[in-house]
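Colleague: one predicted model, sequence on top.
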Amino acid sequence: MELWRAATDSLVDDGDGELCWIEHASARCWRHLWWRADPGTGPIGPRQLFPYITPTFYDRSTGRGNYNALQASLERRFANGLSYAVSYTLSKSIDVGGDGYFGVEGGVPQNAYDPGQYDRSVSGLDLKHILAVNTLYQVPVGKGKRFSTGNGALDYILGNWQINNIFQAHSGTAFTPLDGNDVSNTGSLGFFAYEHLNVVRNPSLSHRSTAEWFNTAAYAAPAFGTYGNAGRNSLRGPNYWDLDTSVFRQFPVGEGRQFEFRAEAFNLANHVNLGQPDGTITDGPSFGTISGTAYGNTALNRQLQIAVKFIF
């Protein structure tokens, strides 16, 4: 495993910024493979490398991967009632083979004896763009603040408000167009679909929807006894973004004591983050459609909560 990092820092008012380039190379990564026959149309047995072993899974630490990223960040330390942090990453993660140890994240190389032939591509964890922003702002109204009425009672009523935000967004995750059958006739039909589809036209759509996220007519099942030519992780699911906001109001009740009222909203915009499309052509009408939300969790709808806290 090798890691290179080059960075430059700059100071800004009450904070600092950083711009850095990261390169990370890894070797001896685990790959989840099939011990199976070569593709063909005849009986499977004569084509097996070891005829006395039935097609089965095995794992080898022969994989390689690399990660390259440009990272930028800007941070302001709390001063004059304001603090914030912004970070952005433009990256690409590439590896050869499956997307998880023992295949837990799905996917195995189409050709176990030459994984790089079809399966050197962006990894399952590749997120091209990642943006995170958080802010804390104390409204400058009230006693001792920039805008004060000069009246203690009015300052107490109008002041002591704080607004907080957390925003995060990232690109969609990659997936592979597959056929759920053992089209290559290698005898390796099992826990995971492995057979890539053939690309016959442009899979991009000008207007994507949950009913058709990619051009399903762009793919076809390979001829019997052959592998498909579609690239591993050659399609992308929906992007993700979320905004959480909270408003705090402090009520001082003496020196060193105060009540704090909190109103918090998770997914303030009630934005629907869609799940991954169905990428398996043998699933029939659901191929290319999206039927769920990100992470399969319907609790990601807007949530509101209020609380009162006593600080002493």
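Modeller: Great, that's in hand. Numbering: from 1, shown residues only.

Colleague: in its sheet, what does the longest strand that the chain contains sit against?
Modeller: Taking DSSP state E as the criterion, the chain has its longest strand at strand 56-79. Neighbouring strands of strand 56-79 in its sheet, by DSSP bridges, are strand 15-35 (antiparallel), strand 82-96 (antiparallel).

Colleague: extract the C-alpha set from it and format it as PDB.
Modeller: Presented in PDB, the C-alpha positions along strand 56-79 are these (Å, rounded to 0.1, in the frame of the first residue of the first chain):
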ATOM      1  CA  THR A  56     -17.400 -22.700  -6.500                       C
ATOM      2  CA  PHE A  57     -16.400 -19.400  -4.900                       C
ATOM      3  CA  TYR A  58     -12.800 -18.700  -3.800                       C
ATOM      4  CA  ASP A  59     -10.900 -15.600  -2.700                       C
ATOM      5  CA  ARG A  60      -7.500 -14.400  -3.600                       C
ATOM      6  CA  SER A  61      -5.500 -11.400  -2.500                       C
ATOM      7  CA  THR A  62      -4.400 -10.600  -6.000                       C
ATOM      8  CA  GLY A  63      -6.400  -7.400  -6.700                       C
ATOM      9  CA  ARG A  64      -5.000  -3.900  -7.300                       C
ATOM     10  CA  GLY A  65      -6.600  -0.600  -6.900                       C
ATOM     11  CA  ASN A  66      -5.800   3.100  -7.000                       C
ATOM     12  CA  TYR A  67      -7.500   6.300  -5.700                       C
ATOM     13  CA  ASN A  68      -6.800   9.800  -6.900                       C
ATOM     14  CA  ALA A  69      -8.400  12.900  -5.400                       C
ATOM     15  CA  LEU A  70      -8.300  16.700  -5.400                       C
ATOM     16  CA  GLN A  71      -9.500  17.900  -2.000                       C
ATOM     17  CA  ALA A  72     -10.300  21.500  -1.100                       C
ATOM     18  CA  SER A  73     -11.500  22.900   2.200                       C
ATOM     19  CA  LEU A  74     -12.200  26.200   3.700                       C
ATOM     20  CA  GLU A  75     -12.800  26.700   7.400                       C
ATOM     21  CA  ARG A  76     -13.600  29.700   9.600                       C
ATOM     22  CA  ARG A  77     -13.200  29.500  13.300                       C
ATOM     23  CA  PHE A  78     -16.000  30.900  15.400                       C
ATOM     24  CA  ALA A  79     -15.700  34.700  15.500                       C
END
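
Colleague: flag every buried residue along it.
Modeller: Within strand 56-79, the residues scored as buried using 16 or more other Cβ atoms under 10 Å are 57, 63-65, 67, 69, 71, 73-76. All C-beta atoms are positioned from the backbone trio N, CA, C, and that covers glycine.

Colleague: kindly report the same for stretch 131-149.
Modeller: 133-136, 138-139, 141-143, 145, 148.

Colleague: backbone dihedrals for N181, both of them.
Modeller: Dihedral pair for N181: phi -100, psi 160, per degrees, to the nearest 10.

Colleague: test my guess that it contacts S188.
Modeller: No. At 11.0 Å, N181 does not count as touching S188 under the criterion of Cβ atoms under 8 Å.

Colleague: more crowded one of the two?
Modeller: Between N181 and S188, S188 has the larger neighbour count (other Cβ atoms under 10 Å), namely 23 against 16.

Colleague: the closest residue to A174 other than its chain neighbours: how many residues sit nearby?
Modeller: For A174, the nearest residue in space outside its immediate sequence neighbours is N233; the separation is 3.5 Å by Cβ to Cβ, 6 or more residues apart in numbering. Per other Cβ under 10 Å, the neighbour tally for N233 reads 21.
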